[in-house]
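>>> Just the structure for this:
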Amino acid sequence: MKVAPNTVVSIEYVLRVEGEIVDSTPEGERILFLHGEGHVLPPGLEDSLSGREVGSFRVTLAPDEAVGEYDPGKVFTAKRGDFPGDAKVGVGEEFYFEDEGETPVAAKIISVDGDDITLDSNPELAGKTLEYEGIVHDVRAATDEEVEHGHVHGEGGVEH
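Alright, predicted model coming up:
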């Protein structure tokens, strides 16, 4: 069976950026996802798996196919008083702020200058070319319930 919309796909992968491993499935584990839902993998990776059968794969994704280009407009400055009083405010710490639409947005502190705290809300891999290498282990038809719910059920999926 080939990877197509409404199939459940089981994969393992290693993700490299500029030759360095930045992510991988834990050894001996696999990721299961409902193909076509776009909830688990970057869209470019999911798209590149379409039509594949069980076997190995190697995919290179440009930033616009992965998590997007780096956006300097997502770097902003907040005041120390904008943080909870007991918050550890230091470079590398991550906080959640609400955007104009009151949606929570993760932002990482990139510099501290007195009361001025500069944060970056770009995804960590924004602007990077992602190189995936992995194996499609299994492809099966999704059940009607999985398609209706938009996710995989059973072992490795959602239990409810």
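>>> Roughly how far does the residue of the chain most remote from its centre sit from A87?
In the chain, the residue that sits farthest from the middle, by C-alpha atoms, centre = their mean, is G114; the gap is 33.1 Å. G114 sits 16 Å away from A87 when distances are taken as C-beta to C-beta, to the nearest Å. (Each C-beta comes from the backbone N, C-alpha and C, glycine too.)
>>> who are the neighbours in contact with the residue farthest from the centre of the chain?
Counting by C-beta atoms under 8 Å, 6 or more residues apart in numbering, G114 touches R80.
>>> Mind pulling up the pLDDT for it?
pLDDT recorded at G114 is 92.
>>> separation between it and F83?
If you measure G114 against F83 using C-beta to C-beta, the figure is 14 Å.
>>> Could you do L61 as well?
Applying C-beta to C-beta, the value for L61 to F83 is 35 Å.
>>> So if I had to pick from the two, which one is more boxed in?
The neighbour count for L61 versus F83, taken as other C-beta atoms under 10 Å, is higher for L61 (21 against 16).
>>> Isn't that one up against Y132?
Yes: counting by C-beta atoms under 8 Å, L61 sits close enough to Y132 to count as a contact (7.2 Å).
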